[in-house]
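Colleague: mind looking at a prediction? Sequence and model below.
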Amino acid sequence: MFATLCDQKGWPCYACTSLADFFKTIEKLTPRTIITRYRLEDGYSDEVLSLISASARFATTRVMVLLPANAPTLQEIRQVDLGADCVMRDPLRLEVLLAHVGRNRGRAKASAETAFVPEHTFEIAGVTVHANQFLLAKGGQSVEAAPQVVALLRLLARSVDKVLPYPFIYSELFNRRFTGDTSNARVLLAKAATNMDQLGVDFRTHIKVIAKSGYLYQHLAPREPRGNAKRTAV
C-alpha cells in the first residue's frame, strides 16, 4: 500500500524483505529516505543506522525507524542516539509517513549544492591521516599507507563506537558483496595495524572484532601497559 502511494506521487520506492536484501540494494542506491522496522527478519535497525552513519555517501539520507507500540522509551532513545532522524510507533498513519518522506525529499534537493566533500585530513587513534597524500603522521614521524588502508581508516573514524558492518566494508572497499569470508578485511586491517605500529600506536587495542558483524573502533583504547595488552586478532 505504501509503495503504491509513493508510485502515485512519482517517488521511486524499493522494498527490502530482509537486512541482507537491504545491504544488496543499498550498494547501487543513495536514497533520500530509508524506512525500517526495528526488528527485521535477520537483524535489527541498529545495523541499518550503523551503515548509513558510517558513509559520507548517505550524508543527506534520512532514516526513519518504526517501533512496536509497546517498545520501551529507552529503545526509542537508543535509535535516536544511533542516528535515527525520526522514530515512530504503531499504529502507523500512512499520510503522516508520506508527509515525512515528502519533507525529506525537499531537504535533499535543497542541500544538493552543498553536498558533502570528503575531508583531506582526519584523525584516528591519535594519528593524523593525510588522505590525499596517503600518509599517516604522529609526533613528527610519517609513514606511507596504501589507498585501501586510508579508505578503511576513514570508515572506522566515521563510525567511532559503532559497528562498521562487513557488508558495508566489502561494498565500499572491495566493490563486491560480502559472502561471509572476512579474509580480505582481515588482511587490510592487519596492514593498517602495521602502519600504526611504525608510529608507535598499537591500533589493535582500538579495534574489536564483532563476530559475524564487523569492526568496532574505539577512540580510547583500554588502559593497559603496551607489553601486557591483549591484542585482538585481525
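Modeller: Here it is on my side, so go on. Numbers count the residues shown, from 1 in each chain.
Colleague: next structured bit after the longest helix anywhere in the chain?
Modeller: Counting residues, the longest helix found in the chain (DSSP state H) is helix 94-110. Later in the chain than helix 94-110, the nearest helix or strand by DSSP states H and E is strand 121-124.
Colleague: who does that following strand pair with, and is each partner parallel or antiparallel?
Modeller: strand 127-130 (antiparallel) (DSSP bridges).
Colleague: got the CA positions of the partner strand in PDB?
Modeller: Only the C-alpha atoms of strand 127-130 are listed here, as PDB (Å, rounded to 0.1, in the frame of the first residue of the first chain):
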ATOM      1  CA  VAL A 127      47.200   9.600  14.300                       C
ATOM      2  CA  THR A 128      46.700  12.300  11.600                       C
ATOM      3  CA  VAL A 129      45.800  10.800   8.200                       C
ATOM      4  CA  HIS A 130      46.500  12.900   5.200                       C
END
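Colleague: what residues does that strand touch?
Modeller: 120-123, 135-138, 145, 150, 153-154, 157, 196, 199, 201 (C-beta atoms under 8 Å, 6 or more residues apart in numbering). No exception for glycine: its C-beta is placed from N, CA and C like everyone else's.
Colleague: next secondary structure after it?
Modeller: Using DSSP H and E, the helix or strand that directly follows strand 127-130 along the chain is strand 135-138.
Colleague: contacts for the lowest-mean-pLDDT helix or strand in the chain next, please.
Modeller: When each helix and strand of the chain is scored by mean pLDDT, DSSP states H and E, helix 94-110 comes last, with a mean of 79. Here helix 94-110 makes contact (C-beta under 8 Å, 6+ apart) with 1-2, 5-6, 9, 11, 32-33, 35, 60-62, 64, 85-86, 88.
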